[in-house]
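Chemist: sharing a sequence plus its predicted fold:
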Amino acid sequence: MTHNALKTEDIDRIIEMAWEDRTPFEAITFQFKTTEKDVISIMRRQLKPSSFRLWRARVQGRATKHQKRRTFTKGTFKSTRQKLISNNSISKR
């Protein structure tokens, strides 16, 4: 899916998820049907060049950003410390 077909809110959420250390690219792919290559393209176009370089250096080769390299798996993409989330918004108890 090209990022032109995505809503502004979706692009914002993809950027947020891409910055998070523990969110793997597979989680972004699962939720938004985008590839890792698409996420990199979105980040390149939406961030300032210096911010993109910082992000790229941070995630390149990082085990937590790639599901297959992770040493921990629970079958979900959600961190155990993350609050219950429904449709990307914190659920009200």
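Modeler: Sure thing, it's come through.
Chemist: just checking, Trp19 touches Trp55?
Modeler: Yes: between Trp19 and Trp55 a contact is recorded at 6.6 Å, counting by Cβ atoms under 8 Å. Yep, even glycine has a C-beta here, placed from its N, CA and C like the rest.
Chemist: just the strands in the protein please.
Modeler: Applying DSSP state E to the chain gives strands spanning 85-86, 89-90.
Chemist: could you pull out the residues contacting both of Trp19 and Trp55?
Modeler: Listed as contacting both Trp19 and Trp55 by Cβ atoms under 8 Å, 6 or more residues apart in numbering is no residue at all.
Chemist: for this protein, what helix or strand is lowest in average pLDDT?
Modeler: When each helix and strand of the chain is scored by mean pLDDT, DSSP states H and E, strand 85-86 comes last, with a mean of 52.
Chemist: run a quick neighbour tally on the closest residue to Asp10 other than its chain neighbours.
Modeler: Sequence neighbours aside, Phe32 is the residue nearest to Asp10 in space, at 6.0 Å (criterion: Cβ to Cβ, 6 or more residues apart in numbering). The tally of other residues near Phe32 (other Cβ atoms under 10 Å) stands at 19.
Chemist: next: Glu20.
Modeler: By other Cβ under 10 Å, the residues close to Glu20 number 14.
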